[in-house]
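Colleague: here's a sequence, model it:
(chains A and B)
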Amino acid sequence: MAYFKRHHTHYYHMQPRTIEEITILPGRNRNENTENFSSIAIHPGDTISIVGPTGSGKSALVNDIEIFAHGDTVTGRTILVNGEQAPEDFVRDPAKKPVALITQNTKCLADMAVEDFLGMHVRSRKIDDDRIVEKTITLANEFTGEKIRPGVRMTSLSGGQTRSLMVADAIMVSDAPIILLDEVENAGIFKEKVIECLKMHHKALIFVTHDPVVSLLSAKRIVMKNGAVERILEPGDEENEALAEIIRMDQTLCRMRELIRAGEIVRSVNPV
Amino acid sequence: MKLIVIAGPPSAGKTAIVKQVIRKYSGEKRCAYLKIDVVRAFEDEELAAEFVIPTKKVYSGDVCPDHVGILVMKDAIDWAESEGADIFIVESAGLCLRCSPYTTQSLGIVVLSAISGVNTPLKMSAMLALSDVAVVTRTDLVSQAEKEVFREKIREVNEGLDIIETNAIQGTGLRYLFRAIDDQDEISDPEKIVLKGAPPLGVCTICVGKKEIGWQNHFGVIRKLEGADFLFRGD
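Modeller: A predicted model of the protein is given here:
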């Protein structure tokens, strides 16, 4: 058995442990008061947004999840896997880590061609699929308007292309069941497409975000304040109307961006 | 008293790691700190001001800093003992990739920066080979692929090495470093402490001040561009 839902045979051998549930147990806020929840469960296919003002503790929560805190971080939170403390190699060995964290700061430093870069990762994972590099680039190209060519150098990719490639790499090569995206929405990627694809691949998706589309697309919103979880919103159908409207607006913006990129005159925001 | 020797190239994050260690044990154990550097160092003053702990520095000047480290180590241990330290941290200059400053009866920590390029672990193999723990800093800044390959290259040099990945400013993942420090034995007999590694070959004619270029102008340990055997006993 592999993680949530296996789609690469290589994990059959590499990952004997299935993640059914990640549990966040409360820590303390900056005034040393216990957080406002009893526990938060994360399951495969969940989409969760972490929202709140700058400095409210969003990134600290994501870091706690990434390293499976057990009361040993500043927040005092505990993160359990299937109700137990995470095995040490989940935290320590990046190749066994079930969490892929992609932040605005995450960069590819190697001055290599895209295909060589992915090839390097594929080799280090000992994945036996000679089309996986091509598949990863194809997937990345579904997330970004600017097509990534296999021969182009990593260092000359745009922010949006890099982020798209990292998300595709997390899905295809790392096969991480939990993907944490820390404020990556403004980098020119197709958010809806990313979310849809990650759900399809049965990943748990956790966003740190200020973005209305991403926030409303998430089934659950964790609201942060003063270093702690302040409340957890599960709007259900309540926000459907607003969501439809914001998606329409977002599509308009994407379309305009593509027109501007293509060097066209934009005469109307909503062309017929 | 426990002895910790920290090595790693400049700007790898050695001092950030030292700060996390001192912060972790403050109020529980008394730390003392020695910085060995070549011409200038400021870490001792910073740490003394921030944590109010006994600190010291020594400049090696014209002498190899790792050699000076070994020369002063005995005095330094006496000094740290006299300050009542429970943990004595010695931070090397981290300049030479040929030597490694680790001694017996100490915990040898090498600090590497994940942003320094995937082949760096191979280039600094001497520093890695004899260390007990490798701390890789700035892992928050690099892609998953590079993180994994970096780790493999470290393993290539020292297969059994305890590798700890961290963002040293936040201190993520350092629980495993603290565990290694907790598990470290105290110094049992300072008289018996020796340098772990093989030092480089002794004095060459450049060391004694002959400045002419070309091996023809030198004698003893010499080297030609072509045709010479690669001489590296390493560790």
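Colleague: what residues does the closest residue to chain A within chain B make contact with?
Modeller: As assessed by Cβ to the nearest Cβ, chain A sits closest to residue B:145 within chain B, at 3.5 Å. Quick note: C-beta positions are derived from backbone N, CA and C, even for glycine. Applying Cβ atoms under 8 Å, 6 or more residues apart in numbering or on different chains, we find residue B:145 in contact with A:108, A:117-118, A:120-121, A:124, A:169, A:173.
Colleague: residue A:265 belongs to a strand?
Modeller: No: Residue A:265 is assigned coil when assessed by DSSP: H, G, I helix; E, B strand; the rest coil, not a strand.
Colleague: confidence score at it?
Modeller: The model reports residue A:265 with a pLDDT of 92.
Colleague: for burial, what's the neighbour tally of it?
Modeller: Residue A:265 is flanked by 6 other residues according to other Cβ atoms under 10 Å in any protein chain shown.
Colleague: give me phi/psi at it?
Modeller: Backbone torsions of residue A:265, given as degrees, to the nearest 10, read phi -80, psi 130.
Colleague: from residue B:58, how far out is it?
Modeller: 69 Å (Cβ to Cβ, to the nearest Å).
Colleague: kindly report the same for residue A:252.
Modeller: Residue A:252 is 66 Å from residue B:58, by Cβ to Cβ.
Colleague: for residue A:30, same thing?
Modeller: Counting by Cβ to Cβ, the gap from residue A:30 to residue B:58 is 41 Å.
Colleague: now do residue B:121
Modeller: Taken as Cβ to Cβ, the span from residue B:121 to residue B:58 is 28 Å.
Colleague: between those two, which has more neighbouring residues?
Modeller: Taking neighbours as other Cβ under 10 Å, residue B:121 and residue B:58 compare with residue B:121 leading, 27 against 18.
Colleague: the more buried one and residue B:161 touch, don't they?
Modeller: No: look at residue B:121 against residue B:161 with Cβ atoms under 8 Å: they stay out of range, at 9.7 Å.
Colleague: specify the local secondary structure of the residue of chain B closest to chain A.
Modeller: Relying on three-state DSSP, one would call residue B:145 helix.
Colleague: per-residue confidence for it?
Modeller: Value listed for residue B:145 in the pLDDT field: 84.
Colleague: which residues of the chain fall in strands?
Modeller: You didn't pick a chain, so chain A it is. Using DSSP state E, the strands of chain A run over A:22-25, A:40-42, A:47-51, A:78-81, A:84-85, A:99-103, A:178-182, A:204-208, A:220-225, A:228-233.
Colleague: I was thinking of chain B, sorry if that wasn't clear
Modeller: B:2-7, B:31-37, B:55-59, B:87-91, B:107-113, B:133-137, B:162-165.
Colleague: neighbours around whatever residue of the stretch 151-272 of chain A ends up closest to chain B, how many?
Modeller: In the stretch 151-272 of chain A, the residue that lies nearest chain B is residue A:174 (5.6 Å; Cβ to the nearest Cβ). Counted with other Cβ under 10 Å, the neighbours of residue A:174 add up to 21.
Colleague: next one: residue A:193
Modeller: By the measure other Cβ under 10 Å, the count of residues near residue A:193 is 13.
Colleague: list the buried residues of the lengthiest helix in chain B.
Modeller: Assignment by DSSP state H gives helix B:65-82 as the longest helix of chain B. For helix B:65-82, the buried set under the neighbour-count rule, 16 or more other Cβ atoms under 10 Å in any protein chain shown, comprises B:65-70, B:72-73, B:76-77, B:79-80.
Colleague: again, but for stretch A:139-149
Modeller: A:139-141, A:143-145, A:148.
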